[in-house]
Structure formats: C-alpha cells, structure tokens
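1. Got a predicted structure here, sequence first:
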Amino acid sequence: MRLNGAQIFVESLRKEEVKVIFGLPGGVVLKIFDVLYDYKDPALVLTRHEQGAMHMAEGYAKATGKPGVVLVTSGPGMTNTVTGLADAYMDSVPLVVFTGQVSTNLIGNDAFQEADNVGISRPCTKYNYLVKDVNDLAQTIKEAFYIATTGRPGPVLVDIPKDVSMNQAEFNYPEKVYIRGYNPTYEGHKWQIKQAADAILKAKRPVLYVGGGTVFSNAFEELREFAELTQIPVDMTLMALGSFPGTHPLSLGMLGMHGSYASNMAIHHSDLIMAVGSRFDDRVTGKVSEFAPYAKIVHVDIDPTSIQKIMDVHIPIVGDVKCVLRELNQHLRTSVDGRRKEELKPWWNQIEEWQKKHPLTYTQEKNQKIKTSYLIDRLYQLTKDQNPIVATDVGQHQMWAAQHFKLDHPRTWLTSGGLGTMGFGFPAALGAQRAFPGRLVLAIVGDGSFQMNLQELATAMDHHLPVKVAIVNNGYHGMVRQWQDLFYNSRYSASYLGTCPDYVKLADAYGAIGLRATKPDEVDGVIQEALKIDKPVLIDFQVDPHENCYPMIPAGGANNEMILENPAELQKKEKEKAGLKKAGNGEKEGVLTA
Amino acid sequence: MEHIISVMVENKFGALSRVAGLFSGRGFNIESLSVGPTMDPSISLMTLVTRGDDRIVEQITKQLNKLIDVIKVVDLTESAFVARETVLIKINAKGEDRAEALRVTDIFRAKVVDSTPGTYTIEITGDTDKIEAIINLLRPLGIKELVRTGRIAIAREDVKTTVQDKSQDKSQDIKRVGT
C-alpha cells in the first residue's frame, strides 16, 4: 500500500493502538493534521500550549501505563516541549513526541521556524530520531514506541521534516524490532536474588525503600506479597505513592526531605535496605555520607546506571522490579512461615514508638485561616471512597498532599518528582481525565504553579474534562517562602506573587465553575459542591500564607536530623534579639487577607 | 586513575554527539577521543581516554552502555593492552638545528614527512612516554605547531578483557563493598 508520510504516520499510530494525541498544529505539520482530520481514532486533543500537551501526555501515561503521544510543529513548537521532555526523562515516563521539521533541503539553513530539534532534545530524551527519508518512517515509529515503553521507560522524540510527511512510500508496519545496542535486562541474576532473599530473612531491622520503578513495572501485587511475607516496613518515595497501599499497616508513608518521622528514622536505623525501582535521589538520602549508616543495601533496578551511582550497594540486582520480586517471593514463600512477624517484633515496636512520637498531624483552629494540611486531609476524607486520581504541582501543597492524601491504588498519583516542574499538575490531571472520563480526577495545585499553565482551562472545556482543581492560594511561592523563612531570615525576595487573578472570575471567563473558601468551616461545603458539578471546577482555597510544611530535613542534612515543628516562634525571638525585624512583610500580609 | 575505553557505536549521525554530550552533561573528564570506521561499515570505534576513581569510571562505562547507539564498551585498562598515538610536529629548523632535529628524529625512529628551508615536520608514533620524550627534546628548537591524534588502543591477544555487552551487565558482578 503506497501512502504519503502523513498517512504512514497516522496508520503507524493506529498500529500502536494510540487513542489520543495531544498537540498543536503549525506550518510544517499541516499535512499530518490534514490527514488526522479524517480520523476519529486516534483522536486529537488540541492544547493551548505545547508544554500543556506534554504534561497531559505525561498524566495520560502515568495513569494508564500506556505511552503518551504528542504532536507539535517545528521551531517554537518543539522548544516548548523541552520542559516536558526533561520532566518525563527524569521521572521515566513513556512518551513519544513527534515534532515537525523544515523540509530536508532546508535543514541547516536557518529556515523559518527551524530549530535543531534532535540536538536540543538529545540530553533530555531516552533517544531521538530525525527521519530523513519517508521509507524509514514506519520503522522509526515502531522503534520509538519500543524504546519509550521498554526497559526504563522514557521520552523518545521523532523529528519529521515537512517533505517526509508529503512524500510517498510503501507502508509496511514492522512486526518486530531489533536494536543491537538496546537489550534491557528484565530477569534478575538468580544467584543475586538468592543472596537478597537470605539477607532479608537475616535482617533484624529491614526497610523496603520503594521507588517509582515499581509503578512503571506494574509490580503492585508482587510488592504487596513481598512486604506481607517479610513483614518489612514500607517507605515510599514521592514517585512511588500508590504503588503500595498508603493505609496498609506496613506502610510508613513517604520518606525523605518531607517524609514522615517514622519512615526516615526507620531507614536511618535499618540494618538492611531493600531498594526497589528507586535511585537514592538527594531528596531521599539527604547527606549521603550519613545516610543509613548501619545498613546493608540490596538494590533492584532495571537501569544499571542507577545502581552504585550514589551509594555503595552490597547486593545489586539489575532487572525489572516485577520479575525480580516475583522470583524473590518464590524463594520467600517456602522459607517464611509467619515467624518473621515474631522476629521483627522489636523493630516494629521501635517503629510504632516513632510513629506515636511524631505522627503527621496538623492543628486547625476554627477562627484561624485555612491550613493547607487540613484542606488536603478534608479533600482526602471526602473523596477517598471514589478512588480519585490525584495530580499535584510542585511545592508545599505537593508535599502536604504526599503526606496526607493516602493513596491505596497504583497509578492514581501524578506528580513531577525529579525535575520538580511547576505547572505540571493541572495539564497532567487533564491527560488522566481524558484517559478515564468517568473517574474523579483532582488537581491539587499551588497558585504559583497553576498560573504557569492555566491556559489549559480552555482545553478542559473543549474536551469536557471535569477535573476538580483545588488551588492552594497563599499568594506566595510557598516553598520558596518557607526556605526563606528557614534559611534567609524571612527575606521574601521574589516569593510574594503580587497580582493574582480572581480564580472564581477566571473560571467563569472560561465557562468553568469557580468556588471559593476562605474559612475552615467552608472547606467541606465547597468540596462537596464541586464534586456534584460535571464540569471543570476551580476552587480557590484562600489558605494561611505563612504555614510551613513539616517535618523537613534541610537540604544536605542527615535523615535523623529532622525539623519537626515550626521553628518560627523561636526565630521570631531570635530576630527580635538581633533587631532584624522587618517592616515590609506586614503590609504584604494585609494585601493577601483583604 | 587513567582509563582507556573502547566504545563500539552505530555509524549514525549524532552518535558522536551523544557520547560527547554524555561526558559534558555528567561532568565526566575526557582527555582524548578518537573515532574511526571498523571492518563493519555500520560500526564506528571510539577510543576514549578518561580519568576518575572507580565509581566514576563504573558510571562512565554504564552510562556509555545505556546509550542506545552504543553496541559494546570495553575498559581496556582492566587488562593488558597496547596504546599508540601519532603526532605531527612542525619545528623551526635552520642551520645547526637541522642536524639536531634529524638526530632526535632518528633516535626516536620518527620520520621527517615535510621539509621547508625553515622547518621540518616530524611524524612520530608511540606510547605516551615516547611522545612526551620527543616533544621535550624538540621543544628547545622551537615547536611551531603540534597535532595529536589522541590515543588509540587495542587489547592484547589471549588476554581476557571484561567485555560489557548490553545483555550481560557488569553490575551483576560487582564485588561486595564495605563490611
């Protein structure tokens, strides 16, 4: 069958069972958009900005496990995808991003809307292609999907010049791919797995340190069985939330910079860390030289470069988390018989003591402003029965959500971890909603973050994506302000936002619904009201602008050196002593509360 | 410690840039890099000279392996190998110096490949010590220009080198560290 490049593109996507493309048209991809005009499948979601398309595709991919697909034009179309590419690369999100390119005869001539797409994207993609000949297009698309979705997943970019989309070629979609330089290891080394099983059974203070790799390998059943067999306490990274039930008695919640006291103390005092699909990120380890000083480390990861990168590992296992845990469970099933619970009793007693000593709590007085921690807990309590998908942006609200929104199901947590991309949450929620039209999708966003991609409200309206957006409105870049409070003498350089839109009017302007809560006793009411509305809803939660997120390990601190409570009072006293009291802040607060 | 790493890559545009970008992006040191075709026209061979402690070099080989265009990575320094570099040196050569230059060239079994009334261009191939030695001897005569190929290296026959094929990752065999 002879087809032109644009038709080959669409037919190839159909072979890959792509249902949705997120994108924006432009000069050099007009041929492709023209062909897409005749198709319902794949459907096109027109976004208002290419960054929005990227995060929607990420949200779609994280929620479904299938690759997210993006189609944008050359030049600025491509450069606007860079943040999304870097985000997906850091967080191992399978994406296939198609960018237009100027015709092959113009490449390198500084043509209109030309950019070196493969050059720009090289360091932030798993792999990328420039298709120079239409005869290579189908094969390239097949390889792109294969690379994006196998091994450690990641974004792949395919750059298609205008003439390639117009020229004709015979369409044969390859059944199989073989790339000699790319053979990811799935099955772990048997001997190493045996060693790991022995080490786990010998450990007196073991901790399971679960990362996002567990989500991408769909290892939920295996993980749960492993934890229950071994009675091991489960620490999760930000990326792993949902991969193990947050309400499970073995779960200690999130670890790391804003993790729970118990999870951080447990990992610090452990004698064995079983790291699965995690990479010892600095937000987890804090000061590496003081991280888990007594622990032997078993590290399971599909990416060999993750192992031995930060920490010395005693039992490295390169492989897919699901495959390795399955094999491990086989060993363990025959060798444990309930005695682990007894053996680990002293360890669990210690952990429970830590949990009781510093649980994740908050106080909300009725006459106070809304505390974000309270708001998130209410959101959780009022929606948990519906098994919502929760997307967040980046900052304080993200950490509070990670602490208080206990997720029991995998693929319900969409957040930007590695790159920490503000503006991620709202479009990611839209992408997930597009995949699951009937489900409740919440976006918990900061007012600073939301304003980075609020243009996608139009996309939400066009495609009837009734995402409920909880705007944690504190008038600040809250996490920046928190660090300024803690480490820069409360000098709020550029963290106060000044003019912000009236979010209720903003929702109205797009035809969405806007709600507002300014007092704690209004929180439940607006949440319940929002849940009844089958439209995108923006809820403006005007929260305490000076609440800080604890516990916290200062950057570069060790995991047993947590700041557990607000040292603001202490600081105030110190400041008064030093005579550093500043005049300006009071006025800013005045603006906010008006 | 210095390591010489031999990297077999797909002979595709962009492959060199991926390798170079990896080193710059991750802050790895690169002392020299030479690239050439192999017997198989679809494969190029890069010889990289780099420095770093064990963990860094382990990361370098793993990161290289992770690149999809990389087919095979061999750290030649892990066993016996032969390394050579070729250098072209253009020196001032007038009067008495011409004879001295020829003597040095002769001692090092180098070759004069070009001659003008005022200069000689000398070609020398050898290991690093030899090259440094001839440069030191020629320096007093006045080196006008010097061009080096970067080192290339090959493993010695019958010596088992640790070949890092993608299908069999090295980290499976990492020795236990610490206690």
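-> Yep, it's here. Numbering: from 1, shown residues only, chains lettered A, B, ... in the order given.

2. Just want the most central residue of chain B.
-> B:Arg151 (2.2 Å; Cα atoms, centre = their mean).

3. which element is the nearest residue to that one once chain neighbours are set aside on?
-> Spatially, and ignoring its direct neighbours in sequence, B:Arg151 is nearest to B:Glu85 (4.6 Å; Cβ to Cβ, 6 or more residues apart in numbering or on different chains). Glycine gets a C-beta too; all of them are placed from N, C-alpha and C. Under the criterion of DSSP states H and E, B:Glu85 resides in strand B:81-92.

4. How far away from the center of its chain is that strand?
-> 11 Å (Cα atoms, centre = their mean, to the nearest Å).

5. Please apply the same query to stretch A:57-76.
-> 14 Å.

6. What of stretch B:58-69?
-> 18 Å.

7. What's the mean pLDDT across that stretch?
-> When pLDDT is averaged along stretch B:58-69, the result is 96.

8. tell me which residues of that stretch are tucked away?
-> B:Glu58, B:Gln59, B:Ile60, B:Thr61, B:Lys62, B:Gln63, B:Leu64, B:Asn65, B:Lys66, B:Leu67, B:Ile68, B:Asp69 (16 or more other Cβ atoms under 10 Å in any protein chain shown).

9. out of the residues you listed, which touch chain A?
-> B:Glu58, B:Gln59, B:Lys62, B:Gln63, B:Asn65, B:Lys66, B:Leu67, B:Ile68, B:Asp69 (Cβ under 8 Å from any Cβ of the partner chain).

10. So which of those residues sit within helices?
-> If you go by DSSP state H, those have B:Glu58, B:Gln59, B:Lys62, B:Gln63, B:Asn65, B:Lys66 in helices.

11. dump the residue contacts of the closest residue to the last one other than its chain neighbours.
-> In this case it means B:Lys66. Using Cβ to Cβ, 6+ apart and skipping the chain neighbours, the partner closest in space to B:Lys66 is A:Thr305 (5.4 Å). Neighbouring residues of A:Thr305 by Cβ atoms under 8 Å, 6 or more residues apart in numbering or on different chains: B:Gln59, B:Lys62, B:Gln63, B:Lys66.

12. Report the rounded mean pLDDT for stretch A:6-13.
-> What stretch A:6-13 shows for mean pLDDT is 98.

13. Repeat that for stretch A:53-73.
-> Mean predicted lDDT for stretch A:53-73 stands at 98.

14. How far away from the center of its chain is it?
-> 13 Å.

15. Can you give me the first-to-last residue distance of it?
-> The first residue of stretch A:53-73 is 12 Å away from its last residue (Cα to Cα, to the nearest Å).

16. want to throw the ones next to chain A among the buried residues of stretch B:58-69 into a markdown table with distance to A:Glu290?
-> Listed next are these as a markdown table, based on distance: Cβ to Cβ, whole Å:
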| residue | distance to A:Glu290 |
| --- | --- |
| B:Glu58 | 23 |
| B:Gln59 | 22 |
| B:Lys62 | 25 |
| B:Gln63 | 27 |
| B:Asn65 | 31 |
| B:Lys66 | 29 |
| B:Leu67 | 33 |
| B:Ile68 | 37 |
| B:Asp69 | 39 |
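
17. In chain A, which residue sits closest to chain B?
-> In chain A, the residue that lies nearest chain B is A:Asp312 (4.0 Å; Cβ to the nearest Cβ).

18. helix/strand/coil for that residue?
-> Counting by DSSP: H, G, I helix; E, B strand; the rest coil, the backbone at A:Asp312 sits in coil.

19. What is the neighbour count of it?
-> If you count neighbours by other Cβ atoms under 10 Å in any protein chain shown, A:Asp312 ends up with 14.

20. next one: A:Ser416
-> 29.

21. Find the nearest non-adjacent residue to it, please.
-> Closest to A:Ser416 by Cβ to Cβ, 6+ apart is A:Phe424, at 4.0 Å.

22. Tell me which stretches of chain B form strands.
-> B:2-10, B:32-37, B:43-51, B:70-75, B:81-92, B:111-115, B:119-126, B:143-148, B:152-155, B:163-165 (DSSP state E).

23. Would you format those strands as TSV with mean neighbour count included?
-> Output for these, formatted as TSV (neighbours: other Cβ atoms under 10 Å in any protein chain shown):
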stretch	mean neighbour count
strand B:2-10	20
strand B:32-37	15
strand B:43-51	21
strand B:70-75	23
strand B:81-92	18
strand B:111-115	13
strand B:119-126	19
strand B:143-148	13
strand B:152-155	18
strand B:163-165	16
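
24. Low-confidence ranges, chain B, go.
-> B:158-179 (pLDDT under 70).

25. Which pLDDT value does the model give A:Ala578?
-> Reported pLDDT for A:Ala578: 64.

26. I misspoke; the intended subject was A:Met78.
-> 98.

27. Helix, strand, or coil at A:His464?
-> coil.

28. Pull the contacting residues for it.
-> Contacts of A:His464 by Cβ under 8 Å, 6+ apart are A:Pro437, A:Lys535.

29. Can you report phi and psi for it?
-> Backbone torsions of A:His464, given as degrees, to the nearest 10, read phi 50, psi 70.

30. Tell me how far it lies from A:Asp163.
-> 37 Å (Cβ to Cβ, to the nearest Å).

31. Repeat that for A:Gln381.
-> 57 Å.

32. Name the spans of the stretch 451-594 of chain A whose pLDDT lies under the cut-off.
-> Short version for the stretch 451-594 of chain A, where the test is pLDDT under 70: A:567-594.

33. show me where it has helices.
-> Taking DSSP state H, counting those that start in this stretch to define them, one finds helices in the stretch 451-594 of chain A at A:457-462, A:478-487, A:503-510, A:523-532, A:568-578, A:584-593.

34. Would you map the helices across the stretch 151-300 of chain A?
-> So, for the stretch 151-300 of chain A - with DSSP H, counting those that start in this stretch - the helices run A:162-166, A:190-202, A:213-216, A:220-230, A:261-269, A:282-285.

35. Enumerate every residue touching the closest residue to A:His248 other than its chain neighbours.
-> Excluding the flanking residues, the one nearest A:His248 by Cβ to Cβ, 6+ apart is A:Val234, at 7.3 Å. Under the criterion of Cβ under 8 Å, 6+ apart, the neighbours of A:Val234 are A:Val207, A:Leu208, A:Val210, A:Ala227, A:Phe244, A:His248, A:Leu250, A:Ser251, A:Leu252.

36. what's the neighbour count on the nearest residue to the first one once chain neighbours are set aside?
-> Here the nearest residue to A:Val207 in space, its sequence neighbours aside, is A:Ser270; by Cβ to Cβ, 6+ apart that works out to 4.2 Å. Using other Cβ under 10 Å, A:Ser270 is surrounded by 26 other residues.
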